Every structure is written in structure tokens, then in C-alpha cells.
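In: Next come a sequence and a model predicted from it.
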Amino acid sequence: MSDLFSTMEQHASYGVGRQMGEQLAANSFEGIDIPAVQAGLADAFAGKESAVSMEELQVAFTEISRRLQEAQEAAAEAAAAEGDTFLAENAKRDGITITESGLQYEVLVQGDGETPTYDSTVRTHYHGTFISGDVFDSSVARGQPAEFPVSGVIAGWTEALQLMPVGTKLKLYVPHHLAYGERGAGASIPPYSALVFEVELLEII
């Protein structure tokens, strides 16, 4: 990379383009024409008249936005259905407890310490995956426990932690409405995702 971009200006310019690309990718902007993007940037910086009329731009933006919204809605519906199917099957397994909210869990290790309350702050180790098994976050992998207030996490965690004496390790199966719901979490967790966590309560701080 340093052979291609050697000056500070080139580094900054590349960074601008990289940020634009990441933002477009995060919003599932498919069909982007890179040469057209480059031409638009070059024309704007050169003060040239737009090669595409404002009317054409408006029509294009409206259509692309419509396609993007349709794709996002279809993906959300598919994710919700997939999560519901997974949880329905998982509920049939031996050792699964289902709470009134719909949270599912199984006890991997039963601790005998103090149990946190809604107002507690705790230290935990956790390993989070999608129902596919793909990992999206893991304090275990980082080798660094996480500290947070019981009231400051997703609803599924807030509920589960108040069922866990210190030393307990649970495997949680969290419906989307107890996780990140219809909004998801940035680019890492899509909307309507059911999530799976192994959570070990290390201590109440």
C-alpha cells in the first residue's frame, strides 16, 4: 500500500474513499459504479457542470432508495422467520428453560454466589454468535472480561443476569425482541437477529 500511496495527501484521499465505500457497503448499496463515482468527484473538485441533470439524479436516488428499502425489508423478514424457526426447534431440546419473555437458556455451570440485581454492575466473560454459529463478539477470544451495569445491556442479558448467582455459566438463546430488535447494531448485527451467547458471571463489582 505504501508503494501506491506515499504522500500524506494520498493517504488522506484514500481514507476519504475508503470511508465512502464502507458506508455504502454497510447500507447494502449494490450496483455502485466506481468509475462514475470517480468522475463525479473529479467534476465536483474541478467545478465542472454536472454530467447528469438534477432531475435525473433525483429519479435515480429515489429508485435506488426504493430498491434498498425493499432489500432491507426482505432481509429483515427472512432473519425474523429464520430466528423464530430456530427458537421453536431449540425449545424442544432437553435442558432448555423458557422464560415468560421468550428468553431461552440452559445451565452449563451452576454457581452458588450472590445474585446481581437490576442495579448491580457485573464482570462477565461471554461468547456471542448468530444462530448460524458465526461469531460476532467474544470477550473470551479477546481474553478480557467485560464490565457493565445489568441495566445497561440488551433486555435478554438484563433478565438472564438476574437469574445467575456468581459462578454460573448460561447459554442464552435470545429472540430478536430481547436483543437488538428491528434496528440491529451497526454493521455487525442485522435487524431482527436472534442471538446466542455463552455468559459466565465472574463477579458483582
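Out: Here it is on my side, so go on.
In: Could you list the buried residues of stretch 81-89?
Out: Neighbour counts using 16 or more other C-beta atoms under 10 Å place 82-83, 86-87 of stretch 81-89 among the buried residues. C-betas here are computed from N, CA, C, even on glycine.
In: among those residues, which are in helices?
Out: Among those, the residues falling in helices (DSSP state H) are 82-83, 86-87.
In: Quick check: the farthest pair among the buried residues of stretch 81-89?
Out: Taking every pair in those and measuring C-beta to C-beta, the maximum separation is 9.8 Å, between Glu82 and Leu87.
In: where do the strands sit along this protein?
Out: 97-98, 104-109, 121-130, 135-138, 146-149, 169-174, 195-204 (DSSP state E).
In: Can you lay out these as TSV showing distance to Glu22 and mean pLDDT?
Out: TSV is the format used below for these (distance: least, C-beta to C-beta, whole Å; pLDDT from 0 to 100):
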stretch	distance to Glu22	mean pLDDT
strand 97-98	39	98
strand 104-109	35	98
strand 121-130	21	98
strand 135-138	17	96
strand 146-149	26	97
strand 169-174	27	99
strand 195-204	23	98
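In: Of all the ones you listed, which one comes closest to Leu4?
Out: With C-beta to C-beta as the criterion, Leu4 lies closest to strand 135-138 of these, at 31.9 Å.
In: Partner strands of the closest one and their direction?
Out: Strand partners for strand 135-138, identified by DSSP bridges, are recorded as strand 121-130 (antiparallel).
In: next one: stretch 70-79 to chain centre, how far?
Out: Here stretch 70-79 shows a centroid-to-chain-centroid distance of 15 Å under the convention C-alpha atoms, centre = their mean, to the nearest Å.
In: Which residues in it does the neighbour count mark as buried?
Out: Buried residues in stretch 70-79, counted by 16+ other C-beta under 10 Å: 76, 79.
In: Output that stretch as CSV, restricted to C-alpha atoms.
Out: Extracted C-alpha coordinates of stretch 70-79, given in CSV (Å, rounded to 0.1, in the frame of the first residue of the first chain):
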residue,chain,number,x,y,z
GLU,A,70,-37.2,-3.4,-0.3
ALA,A,71,-34.0,-5.4,0.1
GLN,A,72,-33.6,-4.4,3.7
GLU,A,73,-37.3,-5.3,4.5
ALA,A,74,-36.9,-8.7,2.7
ALA,A,75,-33.7,-9.4,4.6
ALA,A,76,-35.4,-8.4,7.9
GLU,A,77,-38.4,-10.7,7.3
ALA,A,78,-36.1,-13.6,6.4
ALA,A,79,-34.0,-13.0,9.5
